[in-house]
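In: Take this sequence and fold it.
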Amino acid sequence: MKSTLLTSLALSPLALAITLQSQAEPLELDKVTVSADFRNNEVQDLPEAITVVGEQLIEQRSAEHLEQVLSFAPNVNFSSGSSRARYFQIRGIGERSQFIDPINPSVGVMIDGIDMTGLGGAATLLDVEQVEILRGPQGTRFGANALAGMINIQSKAPTKETEGFVKAKLGNYGTHGESGAISGSLTDKVQARLAISSLQSEGYIENKHLDKKNTNNIDEVIARGKLVTQLSADTELAFSYFYADIDNGYDAFSLDKNRTTLSDKPGTDAQESHAFAVDINHKLSNALTLEAVVTTAKSDVEYSYDEDWAFDGFHPDGYNSTDEYLRDFQRSSIDVRLLSGQDGRIFSDTTDWVVGIYHQQRSEELERNNSFKSDLDIAASSVYGELSTVLSERTSLTYGLRAEQWNNDFTNSNNTDADEEETLVGGKITLESLIAANHLAYTSLARGYKPGGSNSSDKISKEDRLFDTETNNTLELGLKSSLLNDSWKTRVAAFYIQRKDQQVKQSFAGVDEDNKPEFTDFIANAAEGRNQGIEVESSWQLIDNLRWDLALGYLDTEFIDYEFNAKDKSDPTKITVKDGRAQGHAPEYSFSTALIADLSDSLVFTVESEGKDSFYFSDSHDEKSKEYVLWHARLAYSVKQFDIALYGRNLTGKEQEVRGFGFANDPRDGWTNTRWTQLGEPRLVGIEGRYNF
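Out: Here you go, the predicted model:
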């Protein structure tokens, strides 16, 4: 079935493409610039695997949140277990949840230069210019929290000319959203931009016990503000502010394994964030440029749920319980770097260079159910540098290194007291060559790292609470091509990843003093992991009014020499062996493909398909998701300054499973171990209108 599915979805558009291409002159595609690099470069010129999701693709999907556009990037996944995806996986590497333990995520999330890693609920797409998904370790540029890669969200910059928009959407499930933005000059040397949005939906769950349809609702208010001033011809100062007020419900798991729940105390997935950044760019001379970014962010997060998924008195053998996690995140950072200019190259004028220093302060306070508390304080200081040397007319070598001093201070009410320091080193070396006109080949070797830490649970011994740093060594080969007079652009990457001291989430089930189910989660180190795969991206302007996009990923992962004691109630000494098993949230294949047709000067029709293979939900149990294929479509009409569009996502109503577990939680079947899943978006249809000025 897998081979048939991929063949039909990938090759059918190809047959159409070849036919249409023979009927028309090739056309040049727009160039896309990546801002996450030290120097802004076009995506086809960067020797690494990067997917850029621009404003056009975001509108094409009628997307409101990052999770709805991740399929544009091959081998990228997300996990829910909340109202919105908070954690992401790249090439099979990344966390899936957080309960009482502090974690250092493997995939970083930056919003306008501000670190929002682990707070993916705030990754909304209001007034976003583009989303950049960097696959592979980012040890030189970002250091910790970029072991697998980085997601960089860049909102629109202020403009000198006055412009803006107002937008509204209306859809099923009581969905409605309103947004707007205005941009322009305040003076000759000061520009500003302000954007605000509100999105509300009843959600996709019906709570029969409470007779409500909004216990898993969406209620989000987002605001962005930017101010840029030209202090002189060589100096620019920019300010960014980001605000998120998310008050979503969380009532997603059903004892009847559908979209109908019986909870008497539905949960909450709420987040209030205030984030601020100051960015200065000063050209000291033709030889040297100074860049500095100072950021601060504060987020209050509430995550709660009905633990028994039922109401009090539901069953004589049942229980009634809720779980609540209140977290206070505070982060601040400063990043200062010097970049060589045209006259600042070294080694006989062949080498550009970057050197910088970085410091971050991070704290995380947790209170669970008014009974458990923990405090995490992290201070990280780094020095980094990167050089790019021209070896010949067609060949260059780029090499960088980052050294980071990581200080981790953790205490909790279970008498855990961990105060650790370690020096972490990562970097990358890349050889690139223009092997023919418009064909860039590269090979790179990168090392990423993720710091160790301490678990919180008192169900495991103090000696076992600490876990070690994980390192990631990645070999990548790539080819980026522009064909047919730049009308067809392709990017192909093959990679092999060696994971050392792999950090894995483990858990075991038991019962508490009231004889209700109790789960213990903790982080441990597997012996080793191996991840390898291939990624293909293509954008082909077939004729003047038709484009075909394709993203296809193949991923093969496994644990090596990994076993643990799952504390099985029937056999407490039983050792569970995971050697050779695939890693969690790592589907073997994933794809996204789209045809975008300009039916006239005013009418655009888009049809899309995306899909994933089945994957293990966790590293600690063997429950798997189901493979799926989703279909989306959008018909947009534009006249003068007005746009109106009809959209549909998941048009066939296919059930896709975004989180899953295996345990006993239903008293009706005698507490039998059962597979439980959270379902993603059902069929969504709506209409949206926009006025541009």
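
In: residue ranges of the helices in the stretch 251-400 of the chain, please?
Out: Along the stretch 251-400 of the chain, no segments are classed as helices by DSSP state H, counting those that start in this stretch.

In: for the chain, same thing?
Out: With helices called from DSSP state H, the chain shows them at 2-21, 55-60.

In: mean pLDDT for those: which is lowest?
Out: Note on the helices of the chain: helix 2-21 shows the lowest mean pLDDT, a mean of 43.

In: Just grab the bridge partners of the residue nearest the centre of the chain for me.
Out: By Cα atoms, centre = their mean, the chain has its centre lying nearest to F88, at 4.4 Å. Beta-bridge pairing for F88 (DSSP bridges): F78.

In: For the chain, identify the residue most remote from the centre.
Out: The chain, Cα atoms, centre = their mean, max distance from centroid: P316 (42.7 Å).

In: now the closest residue in space to it that isn't next to it in sequence: how far from I205?
Out: Of all residues not flanking P316 in the chain, P667 sits nearest, at 7.7 Å (Cβ to Cβ, 6 or more residues apart in numbering). All C-beta spots, glycine's among them, are computed from the backbone N, C-alpha and C. As judged by Cβ to Cβ, to the nearest Å, P667 and I205 stand 21 Å apart.

In: Give me the more crowded residue out of the two.
Out: Counted by other Cβ atoms under 10 Å, P667 and I205 do not tie: I205 has more neighbours, with 25 against 16.

In: low-confidence ranges in the stretch 51-200 of the chain?
Out: Scanning the stretch 51-200 of the chain for pLDDT under 70 picks out nothing.

In: could you pull out the strands for it?
Out: All strands of the stretch 51-200 of the chain, identified by DSSP state E, counting those that start in this stretch, fall at 76-79, 87-90, 107-111, 114-115, 128-135, 149-155, 163-171, 175-187, 190-201.

In: I'd like to know which elements the second one is packed against.
Out: Right, the one you point to is strand 87-90. Here strand 87-90 touches strand 76-79, strand 107-111, going by 3 or more Cβ pairs under 8 Å, 6 or more residues apart in numbering; DSSP states H and E.

In: which secondary structure elements does the shortest one contact?
Out: Meaning strand 76-79. strand 87-90, strand 657-663.

In: nearest to G426, of the ones you listed?
Out: strand 87-90 (15.7 Å; Cβ to Cβ).

In: ok, and what's touching the closest one?
Out: The contact list for strand 87-90 (Cβ atoms under 8 Å, 6 or more residues apart in numbering) reads 66, 70, 75-79, 94-98, 105-107, 109, 118, 120, 133, 135-136, 148-149, 151, 585-586.

In: mind listing what the nearest residue to D256 once chain neighbours are set aside touches?
Out: Nearest-residue entry for D256: L262, 7.9 Å, with adjacent residues in sequence omitted and distances by Cβ to Cβ, 6+ apart. Residues near L262 by Cβ under 8 Å, 6+ apart: N207, K208, H209, S254, L255, D256, W309, A310, F311, F314.

In: Also R193?
Out: Here R193 is in contact with D127, K156, A157, P158, T159, A181, I182, S183, R224, G225, K226 (Cβ under 8 Å, 6+ apart).

In: so the fifth one makes contact with G184?
Out: Looking back up the chat, that one is T159. Yes: when contacts are counted by Cβ atoms under 8 Å, T159 is listed as touching G184 (6.4 Å).

In: Now the common contact residues for these two.
Out: Residues touching both T159 and G184 (Cβ under 8 Å, 6+ apart): Q191.

In: Looking at the helices and strands packed on strand 76-79, which one is packed in the most?
Out: Among the helices and strands packed on strand 76-79, ranked by average contacts under mean count of other Cβ atoms under 10 Å, first place goes to strand 87-90 (a mean of 27).

In: Specify the beta-bridge partners of the residue nearest to M116 when sequence neighbours are not counted.
Out: Once flanking residues are discounted, M116 sits nearest to V109: 4.9 Å by Cβ to Cβ, 6+ apart. Beta bridges link V109 to I151, judged by DSSP bridges.

In: likewise the one 5 residues further on?
Out: Under the criterion DSSP bridges, I114 forms beta bridges with I111.

In: and it, how far is that from F661?
Out: In terms of Cβ to Cβ, I114 sits 33 Å off from F661.

In: Same question for V76.
Out: Distance from V76 to F661, counting by Cβ to Cβ: 22 Å.

In: likewise I196?
Out: I196 sits 38 Å away from F661, going by Cβ to Cβ.

In: coming back round to it: ok, now how distant is the residue nearest to P316 from L125?
Out: Counting by Cβ to Cβ, the gap from P667 to L125 is 42 Å.

In: same check, this time on I687
Out: The spacing between I687 and L125, counted by Cβ to Cβ, is 18 Å.

In: more crowded one of the two?
Out: Between I687 and L125, L125 has the larger neighbour count (other Cβ under 10 Å), namely 21 against 13.
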